[in-house]
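Asker: Could you look at this predicted model? Sequence included:
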Amino acid sequence: MNSMSVNKTHFILYVKDQAQSTAFYTHVLGFHPALHVPGMTEFVLSESSILGLMPEVSIKRLLGDRLPDLAWAAGIPRSELYLYVEHPHDYHQRALAAGAIELSGLADRDWGDRAAYSLDLDSHVLAFAEKIA
């Protein structure tokens, strides 16, 4: 079997309003995107991972009619972004202040993390976590 390695990962969230979601994630993450053009915003999370925000209309235009209408899933969580950060409570509070809906406050989880959960503006689950010492 051939060995495969992934050099860089892009996590792309489909969003209703690119400008609104860009403002939300800029506030929550505490830094500006590395790329912000019509149809795509990118935040560099680490050397090898990027968070992308793509308008629903852009992905529909790109992939066409074979892609189901994303508006049908409005309000239904379609993904989870689980980020290990220092001071997850602070990130969680910024998310709430920017309009996220709290699902679960910061708490110790049975898998060894302390994590807080919310829904972002497009109902993607957003978690901020740290390993329990």
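Answerer: Noted; the coordinates are in hand. Everything numeric in this text was worked out from a predicted model, so none of it was measured. Residues are numbered from 1 along each chain as shown.
Asker: use CA for all of it now, contacts and neighbours both
Answerer: Fine.
Asker: can you map out the strands along the protein?
Answerer: Counting by DSSP state E, one finds strands in the chain at the ranges 9-15, 35-37, 40-46, 49-55, 80-84, 101-108, 113-119, 125-131.
Asker: Any chance of TSV for those strands, columns mean pLDDT?
Answerer: Shown next, in TSV, are those (pLDDT from 0 to 100):
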stretch	mean pLDDT
strand 9-15	94
strand 35-37	98
strand 40-46	97
strand 49-55	97
strand 80-84	96
strand 101-108	98
strand 113-119	98
strand 125-131	98
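Asker: Need the ones you listed in JSON lines (columns: distance to Ala23 and mean neighbour count).
Answerer: Formatted as JSON lines, the strands of the chain follow (distance: least, Cα to Cα, whole Å; neighbours: other Cα atoms under 10 Å):
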{"stretch": "strand 9-15", "distance to Ala23": "12", "mean neighbour count": "18"}
{"stretch": "strand 35-37", "distance to Ala23": "11", "mean neighbour count": "12"}
{"stretch": "strand 40-46", "distance to Ala23": "11", "mean neighbour count": "18"}
{"stretch": "strand 49-55", "distance to Ala23": "11", "mean neighbour count": "20"}
{"stretch": "strand 80-84", "distance to Ala23": "17", "mean neighbour count": "15"}
{"stretch": "strand 101-108", "distance to Ala23": "16", "mean neighbour count": "15"}
{"stretch": "strand 113-119", "distance to Ala23": "15", "mean neighbour count": "22"}
{"stretch": "strand 125-131", "distance to Ala23": "15", "mean neighbour count": "21"}
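Asker: Next one: Tyr14 from Ala129, what distance?
Answerer: Distance, Tyr14 to Ala129, using Cα to Cα, to the nearest Å: 23 Å.
Asker: Ok, Ser118 next?
Answerer: Counting by Cα to Cα, the separation of Ser118 from Ala129 is 12 Å.
Asker: Also Trp111?
Answerer: 11 Å.
Asker: overlap in contacts of these two?
Answerer: Counting by Cα atoms under 8 Å, 6 or more residues apart in numbering, no residue touches both Trp111 and Ala129.
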